[in-house]
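> pasted the sequence and its predicted model underneath.
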Amino acid sequence: MISRATAEIVFAGFTALFGVVIAHGAREFGVGWSASGPEPGTFPFYIGAIITLASLANLAGALRGRWRGAEPFMTAQQGGALLRFIVPMVLFVIAAIYLGLYVATALYMFGVMVVQGRYRIWYAALVAIGMPVALFLLLEKGFQVSLLKGPLEAALGY
């Protein structure tokens with residue numbers, strides 16, 4: 001079991017390192033003022049510095065409260081709820097890469113509505129077909145924004 005304090009310490013360390021990397025990388029582009037104003041790395045440098053300082057404050061808070069008890073970071077029930085959210089999203093991304101965004105959206109909507117939402121199959125199928133069609137009409141036809149397409153769209157000539 002991972003305690004909440006351990007998770008907070010590890011994550012604060014990770015975000016502090018992230019902030020240091022941002023600030024260090026921004027120095028390549030120049031930090032400070034030039035004749036024409038701020039150099040390109042100034043804003044990212046300060047954002048990295050703020051992230052680092054905030055992370056160090058979180059780390060200090062986690063270390064101060066570490067010995068107050070072994071409160072779990074996540075219960076089994078919370079972990080299950082998280083997995084029920086993450087697994088379908090990962091499968092959606094994989095499906096979008098191989099089947100295109102519209103087909104992946106239909107599969108995701110149908111699966112989540114039937115398995116998690118316990119909707120009737122006919123209703124889930126109606127939404128699962130209607131949503132990608134509506135997105136296609138709005139984005140591809142209305143705004144002329146092309147999204148990731150797969151073999152079905154290629155077979156239909158899009």
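Looks like it came in fine.
> can we go C-alpha only for contacts and neighbour counts from here?
OK.
> low-confidence stretches in this structure?
66-70 (pLDDT under 70).
> and it, split by domain according to the record?
Segmentation of the chain into domains, based on automatic domain parsing, reads 4-68, 76-155.
> deepest-packed of those, please.
Among these, the stretch with the highest mean neighbour count (mean count of other C-alpha atoms under 10 Å) is domain 4-68, at a mean of 17.
> so what's the gap between that one and the chain middle?
Distance of domain 4-68 from its chain centroid, counting by C-alpha atoms, centre = their mean, to the nearest Å, is 20 Å.
> same thing with stretch 118-127?
Centroid displacement of stretch 118-127 relative to its chain, using C-alpha atoms, centre = their mean, is 27 Å.
> please apply the same query to stretch 79-87.
Put simply, stretch 79-87 sits 14 Å off its chain's centre (C-alpha atoms, centre = their mean).
> and stretch 127-140, by the same measure?
In this view, stretch 127-140 has its centroid 23 Å away from the chain centroid, taken as C-alpha atoms, centre = their mean.
> tabulate the CA atom coordinates of it in PDB.
Output of stretch 127-140 as PDB, limited to C-alpha atoms (Å, rounded to 0.1, in the frame of the first residue of the first chain):
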ATOM      1  CA  VAL A 127     -26.000   7.800 -29.600                       C
ATOM      2  CA  ALA A 128     -22.900   6.000 -30.800                       C
ATOM      3  CA  ILE A 129     -23.800   6.500 -34.400                       C
ATOM      4  CA  GLY A 130     -25.300   9.900 -34.100                       C
ATOM      5  CA  MET A 131     -22.500  11.500 -32.200                       C
ATOM      6  CA  PRO A 132     -19.700  10.800 -34.800                       C
ATOM      7  CA  VAL A 133     -22.100  11.800 -37.600                       C
ATOM      8  CA  ALA A 134     -22.900  15.100 -35.900                       C
ATOM      9  CA  LEU A 135     -19.200  15.700 -35.200                       C
ATOM     10  CA  PHE A 136     -18.400  14.900 -38.900                       C
ATOM     11  CA  LEU A 137     -21.000  17.300 -40.100                       C
ATOM     12  CA  LEU A 138     -20.000  20.100 -37.700                       C
ATOM     13  CA  LEU A 139     -16.200  19.800 -38.000                       C
ATOM     14  CA  GLU A 140     -15.500  18.400 -41.400                       C
END
